[in-house]
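Please work out how this folds:
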Amino acid sequence: RQIITDKLGDFGFIVDAVPTPTEALEKIAEYETSAKSPIIVTDLVMPSISGKGMFGGMELLEILQEQYSHIPVIMTTAYPDPNTKQKALFWGVYYYISKPDRSNATPEELDNLFNNYMEELSLSIENIIRRREVYFEKDHLDIIRNQLVGQLFTTKMELSEVEKTMESKVGELTFLKRTSDSLIKDSNVNTVSENILDYASRDLDRVIIFLARKEGFFAFKGKDSTGKENNEQFQQALKKVSFHPSKIDIISKVIKEKNGYEGRVDPSLLPVIKELGGNIPERIVLIPIVVEKRVVGMFYGDTLPGSSPCKNVDAIMILLNLASLSMEIAHQKTIIKKNVSLKV
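Predicted coordinates for the structure are as follows:
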């Protein structure tokens with residue numbers, strides 16, 4: 001234990017070492033109150049918590065899964081039992097690493113085996129840390145969305161300056177092109193709609209882009225992920241689907257607040273949903289498409305009974321913000337081009 005502790009310290013890790021599962025649980029309880037995020041490396045063969053048997057590591061693992069399932073665990077052992085390994089992996093062990101076999105090994109061979117073992121152990125810890133960082137980034141989609149909104153505001157401010165000084169037009173148009181190319185490759189409504197629907201349909205059963213007209217909203221494009229036959233029926237149904245937002249409470253609210261909705265089906269939306277055919281959805285997602293402070297379209301998605309709730313609402317909202325940004329930039333570019341032509 002002390003050798004492994006020292007070696008992990010050489011790799012740059014901060015290590016607290018304890019000799020028994022009971023002391024490990026006490027240490028973990030301290031971590032929980034201090035908001036630390038440990039990674040546990042445990043042996044298999046050691047004193048048991050119950051006082052029976054020699055597999056204290058398995059008893060520790062069982063308690064960790066019951067009380068601290070959010071903490072990643074690496075199990076390391078020289079006990080060659082595939083059934084124990086399967087059981088440990090079933091209980092949530094991230095890595096199951098075998099210790100070097102010391103039998104019939106010369107000191108030089110054992111030193112090489114141990115160095116390889118420590119490299120595998122350190123790489124396993126680093127992989128868990130990287131995975132944790134990825135999850136952390138996913139949990140901060142709100143921050144990403146706010147950054148994108150900030151970029152939209154900055155872009156609009158840059159475009160407003162184009163009207164003031166002809167000299168700055170080339171630089172600002174270059175900035176506009178670079179920004180739009182990095183965020184959205186194509187501002188075509190068909191292409192943008194297809195990209196959004198393809199992405200959203202991975203997490204929702206039915207998805208539709210509605211576009212606004214003076215007389216109301218009509219279905220522009222849609223996708224049904226519940227099967228080929230259903231999708232063909234769905235496409236036929238889409239051609240007839242339209243509504244006026246003033247007659248649907250939840251749509252009116254989304255348009256007024258310019259904010260998305262995710263939740264149970266609002267009764268006022270049932271007539272439109274019934275036109276799509278099939279079962280009444282379990283949950284729905286509504287997100288407005290806003291261009292220059294005006295709602296020009298609406299994203300609709302739903303999950304049918306038995307399906308999992310949508311986990312990527314924030315990501316879909318980001319895509320729709322990018323779509324709005326693309327449409328605004330395309331519109332501003334048209335105005336700028338027209339002004340430049342008139343000036344020439």
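
For Pro80, the count of nearby residues, please.
For Pro80, the neighbour count with other C-beta atoms under 10 Å is 10. (C-beta placed from N, C-alpha, C; glycine too.)

isn't it right next to Ser103, touching?
No: applying C-beta atoms under 8 Å, one finds Pro80 not in contact with Ser103, separated by 11.2 Å.

Buried ones in stretch 53-64, by neighbour count?
For stretch 53-64, the buried set under the neighbour-count rule, 16 or more other C-beta atoms under 10 Å, comprises 55-61, 64.

Next: stretch 201-216.
Here stretch 201-216 shows 201, 203-210, 212 as buried, counting by 16+ other C-beta under 10 Å.

Max pairwise distance over the residues you listed: which two?
Asp203 and Ala212 (25.1 Å; C-beta to C-beta).

For the stretch 201-344 of the chain, which segments count as helices?
228-238, 249-257, 270-276, 313-343 (DSSP state H, counting those that start in this stretch).

Of those helices, which is nearest Ile289?
Here helix 313-343 is closest among the helices of the stretch 201-344 of the chain (C-beta to C-beta), at 5.8 Å.

Let's test this: mean pLDDT of the closest one, rounded?
Helix 313-343 shows a mean pLDDT of 71.

can you check stretch 273-289 too?
90.

What of stretch 15-31?
Mean pLDDT, stretch 15-31: 91.

How far off centre is that stretch?
Taking C-alpha atoms, centre = their mean, to the nearest Å, the mean C-alpha location of stretch 15-31 is offset from the chain mean by 33 Å.

What lies in contact with it?
1-2, 4-5, 8-9, 37-38, 40, 42, 46-49, 56-57, 59-60, 63-64, 68, 71 (C-beta atoms under 8 Å, 6 or more residues apart in numbering).

Which of those fall within helices?
2, 4-5, 8-9, 56-57, 59-60, 63-64 (DSSP state H).

Now the element after the helix or strand of the chain with the lowest mean pLDDT, going C-ward?
Ranked by mean pLDDT, DSSP states H and E, the helix or strand of the chain with the weakest confidence is helix 169-183, at a mean of 40. Downstream of helix 169-183, the next assigned helix or strand under DSSP states H and E is helix 189-200.

Please state the offset of that following helix from the chain centre?
Counting by C-alpha atoms, centre = their mean, helix 189-200 comes out at 18 Å from the chain centroid.

picking that back up, please convert the helices of the stretch 201-344 of the chain to CSV, extending it with distance to Arg131.
Shown next, in CSV, are those (distance: least, C-beta to C-beta, whole Å):
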stretch, distance to Arg131
helix 228-238, 35
helix 249-257, 36
helix 270-276, 39
helix 313-343, 19
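
Mean neighbour count and distance to Ser124 for those - can I get that in a markdown table?
Converted to a markdown table, the helices of the stretch 201-344 of the chain look like this (neighbours: other C-beta atoms under 10 Å; distance: least, C-beta to C-beta, whole Å):
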| stretch | mean neighbour count | distance to Ser124 |
| --- | --- | --- |
| helix 228-238 | 14 | 43 |
| helix 249-257 | 16 | 47 |
| helix 270-276 | 15 | 48 |
| helix 313-343 | 17 | 30 |
